[in-house]
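1. sequence below, structure please.
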Amino acid sequence: MRTKTLTKTLVAPLVAVLLLTACSGEEPDPSSGKKTINIDIHAWDGYAAQAAVLAHLLEHELGYEVRMREMKENDSWKDFAAGKVDVIVENWGHPDLKKEFIEDKKAAVSAGLTGNKGVIGWYVPEWMVKKYPDITNWRNLNKYASLFKTPESGEAGQFLAGDPTFVTNDEALVKNLGLNFKVVYSGSEAALIKAAQDATKNKKPLLMYFYEPQWLFAKVKLVKINLPPYAIGCDADTAKVACDYPPYLLDKIVSRSFAEKGGKAYELVRNFSWSNDNQNAVASDMINNRLTPAQAAERWAADNKIVWKEWIPR
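-> Now for the predicted structure:
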């Protein structure tokens, strides 16, 4: 989700993975009789949830093997041509990577929208809005900057970001909007979630980067700050950004080889389309109910055949 070129951070033990040697697009391994699909895992809960559901359907409905590995977003794109990755299940924009790897190098193609509606923004806990009703207007943030001071931010207010590799314009926004804040990187999605939970429970001031779809919104009340409205092209120069993040229609990216030779596996990936609520349900089972990604995917698939049955190639 962003204008840089990288990602978010997620839950570490992701999926029990079969470490297989076959590459996608090849003939079935004689010893297993199955093809292998390589899906990269990027560092946020929603991504892992979506990957788990796709893996479940590929394995149990179509009989493929699925191999997964945890990677940074830009590193995944670099591996398309080498055949090390077949599928990125959730892509947040990245026009620069699309130009390089889809248009110029022709190593990848878009496999259509995921159905998810992506939102990136600045958020405060709901209790702060009740106490300071005008705080949701970005023009008033400097008035409250002292509330957000931390040892890490010094004399400025702290703006808590995620992983530096996430799609983010926050440092430019702080500078270009003349805000007395310092961007401090928490390092991961998990750290952002913990900070939001702590700020809500203990009434601690918090201004943070966050996004949807995300299961946390069903547990913690956060309110989005109204930044200057997004207009097409306002974020073209990342150094001069002074507007909100754009809405994101998330899509799937696959290697060109997989699109051409992936058969029914590619058709399933292309057909996949679900809602934010669907994704959040699987992610919540993983995090809050402590299911493995495979268990959460199996539960969702059992309860939602009406959603996914049309994805399965005839």
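2. show me where pLDDT drops low in the protein?
-> Residues of the chain meeting the criterion pLDDT under 70: 1-34.
3. please name the nearest non-neighbouring residue to Leu160.
-> The shortest distance from Leu160 to any non-neighbouring residue, by Cβ to Cβ, 6 or more residues apart in numbering, is to Met208 (4.3 Å). C-betas here are computed from N, CA, C, even on glycine.
4. Ile37 pairs with what?
-> Counting by DSSP bridges, Ile37 forms beta bridges with Val66.
5. one step back: return the residues in contact with the residue nearest to Leu160.
-> Trp122, Tyr123, Val124, Phe159, Leu160, Ala161, Leu192, Ala195, Ala196 (Cβ atoms under 8 Å, 6 or more residues apart in numbering).
6. give the helix, strand or coil label for the nearest residue to Leu222 once chain neighbours are set aside.
-> Spatial nearest neighbour of Leu222, chain neighbours left out: Tyr123 (4.3 Å); criterion: Cβ to Cβ, 6+ apart. Following DSSP: H, G, I helix; E, B strand; the rest coil, Tyr123 is assigned to strand.
7. which residues in this structure form helices?
-> With helices called from DSSP state H, the chain shows them at 45-60, 73-78, 95-98, 126-131, 170-176, 189-201, 256-261, 263-271, 276-287, 293-303, 305-308.
8. go through the ones you listed and pick out the most buried.
-> With neighbours taken as mean count of other Cβ atoms under 10 Å, those reach their highest mean count in helix 45-60, at a mean of 25.
9. what packs against it?
-> Counting contacts by 3 or more Cβ pairs under 8 Å, 6 or more residues apart in numbering; DSSP states H and E, helix 45-60 packs against strand 36-41, strand 65-70, strand 87-91, helix 263-271, helix 276-287, helix 293-303.
10. quick one: neighbours of Leu222, just the number.
-> By the criterion of other Cβ atoms under 10 Å, Leu222 has 22 neighbours.
11. how close does Glu189 get to Tyr144?
-> To Tyr144, Glu189 is 25 Å away according to Cβ to Cβ, to the nearest Å.
12. hang on, I meant Leu173
-> 16 Å.
13. one more: Ile41?
-> For Ile41 relative to Tyr144 (Cβ to Cβ), the value is 38 Å.
14. these two: which is more packed in?
-> Higher neighbour count among Ile41 and Tyr144: Ile41, with 24 against 17, using other Cβ under 10 Å.
15. surely the more buried one touches Ala52?
-> No: with contact defined as Cβ atoms under 8 Å, Ile41 and Ala52 do not form a contacting pair (9.2 Å).
16. let me know how buried the residue lying closest to Lys105 once chain neighbours are set aside is, in neighbour terms.
-> Distance criterion Cβ to Cβ, 6+ apart; nearest residue to Lys105, sequence neighbours excluded, is Ala81 at 6.6 Å. Per other Cβ under 10 Å, the neighbour tally for Ala81 reads 16.
17. swap in Thr165?
-> For Thr165, the count of nearby residues is 20 (other Cβ under 10 Å).
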